[in-house]
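Peer 1: Sequence plus the predicted model coming up.
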Amino acid sequence: MKALILNDTHSAPAGGTAQIRFVHLVPDGGTVSLLRDTTVLTASVNYNTASTYLSVPTGNQFFTVKNGTSTSIYQTLHC
């Protein structure tokens, strides 16, 4: 078991946006990337690490996690 401590030190998002953070917690998942639609939000995220806060527009969002930037390993739609 490993612990990952994240300090939340961010400002309020600008109007019409939300702030998200991607945390990679799959031990055998390899290096992954997070995409919103076709835009890479953060690339080469290693296990047990987190991205900085990322600003995305509010509304329906289609997120994909890919192995590197090629093979899709998870997809979801969030509002």
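Peer 2: Here it is on my side, so go on.

Peer 1: what helices or strands is the helix or strand harbouring S55 leaning on?
Peer 2: Assigned by DSSP states H and E, S55 belongs to strand 54-57. Under the contact criterion of 3 or more CB pairs under 8 Å, 6 or more residues apart in numbering; DSSP states H and E, strand 54-57 touches strand 17-20, strand 39-45. For the C-beta atoms, the positions are set from N, CA and C on the backbone; glycine is no exception.

Peer 1: Given the last one, what are its sheet partners and their directions?
Peer 2: To tie it back to what came earlier, the one meant is strand 39-45. Each strand paired with strand 39-45, and its direction, by DSSP bridges: strand 32-36 (antiparallel).

Peer 1: got a list of what the residue nearest the centre of the chain touches?
Peer 2: Nearest to the geometric centre of the chain sits F22, at 3.0 Å (CA atoms, centre = their mean). F22 makes contact with L34, L41, T42, V45, A50, S51, L54, according to CB atoms under 8 Å, 6 or more residues apart in numbering.

Peer 1: Could you report the pLDDT at it?
Peer 2: Looking at F22, its pLDDT reads 93.

Peer 1: any idea how far V45 is from it?
Peer 2: Per CB to CB, to the nearest Å, F22 is found 6 Å from V45.

Peer 1: Can you check which residues contact both of the two?
Peer 2: L34, S51.

Peer 1: And L41, how far from T52?
Peer 2: The gap separating L41 from T52 is 10 Å, by CB to CB.

Peer 1: How far away from the center of its chain is stretch 4-23?
Peer 2: The chain centre lies 11 Å from the centre of stretch 4-23; the measure is CA atoms, centre = their mean, to the nearest Å.

Peer 1: May I see the buried residues of that stretch?
Peer 2: I20, F22 (16 or more other CB atoms under 10 Å).

Peer 1: same question, stretch 49-64
Peer 2: Buried residues in stretch 49-64 (16+ other CB under 10 Å): V56, F63, T64.

Peer 1: Tell me the bridge partners for the second one.
Peer 2: Read that as F63. Here F63, judged by DSSP bridges, has bridge partners R36, T76.
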